[in-house]
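Trainee: please find the sequence and the predicted model below.
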Amino acid sequence: MSSPLVQYILVIREAMNGWTTGAIIAQACHAVTKCTSTFFTDPHMTLYMSNENISQMRKVVLGCSRNEWETIKEKANKMGADYCEWTEQPEDVVTCVAFKPAFKDSIGHLFSGLKLFS
């Protein structure tokens, strides 16, 4: 079986301290929307959003610290993995990050050690 296309979303825990569940979900939605808009014509995004695949989307929402995000960001930049940070205003703080959909076997290792956001 081939590796599935997956979109990874990171929630920066420190940025969400004291926020309601709805506000946190909104931040993740903002990040995903920005990523979809930014990479709309990318072949992986096109495949992910295609009529054949839209009902089988895979998203993984993980929690991480700012330090963990900085480490992942450095590795992602080195390997050319595309992502969008969502910066909440007026606080000017990164709250969530959405990665462009990618095949799990090509990007999943970036997130080893992180846990599902809860």
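Mentor: Looks like it came in fine. Numbers count the residues shown, from 1 in each chain.
Trainee: okay, now the unreliable bits of this protein?
Mentor: 1 (pLDDT under 70).
Trainee: try it again with 80
Mentor: Judged against pLDDT under 80, the low-scoring parts of the chain cover residues 1-2.
Trainee: let me see the ranges of the strands in the protein.
Mentor: Using DSSP state E, the strands of the chain run over 5-12, 59-64, 83-88, 93-99, 102-103, 115-116.
Trainee: columns distance to Asn77 on top of those strands, output as JSON lines?
Mentor: Any C-beta I mention is one placed from the backbone N, CA and C, and that applies to glycine too. JSON lines is the format used below for these (distance: least, CB to CB, whole Å):
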{"stretch": "strand 5-12", "distance to Asn77": "14"}
{"stretch": "strand 59-64", "distance to Asn77": "16"}
{"stretch": "strand 83-88", "distance to Asn77": "9"}
{"stretch": "strand 93-99", "distance to Asn77": "12"}
{"stretch": "strand 102-103", "distance to Asn77": "14"}
{"stretch": "strand 115-116", "distance to Asn77": "23"}
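Trainee: so which of those gets nearest Met49?
Mentor: strand 5-12 (10.0 Å; CB to CB).
Trainee: which elements pack onto the closest one?
Mentor: helix 21-38, helix 43-48, strand 59-64, helix 66-79, strand 93-99, strand 102-103, helix 104-107 (3 or more CB pairs under 8 Å, 6 or more residues apart in numbering; DSSP states H and E).
Trainee: try 10 Å this time
Mentor: Judged by 3 or more CB pairs under 10 Å, 6 or more residues apart in numbering; DSSP states H and E, strand 5-12 is in contact with helix 21-38, helix 43-48, strand 59-64, helix 66-79, strand 83-88, strand 93-99, strand 102-103, helix 104-107.
Trainee: contacts for the shortest one next, please.
Mentor: With contact meaning CB atoms under 10 Å, 6 or more residues apart in numbering, strand 102-103 is reached by 2-8, 42, 44-45, 47-48, 81-83, 108, 110.
Trainee: please apply the same query to the longest one.
Mentor: Under the contact criterion CB under 10 Å, 6+ apart, helix 21-38 has outside partners 7, 9-13, 15-16, 19-20, 42, 45, 48-49, 59, 61, 63, 82-88, 94-101, 117.
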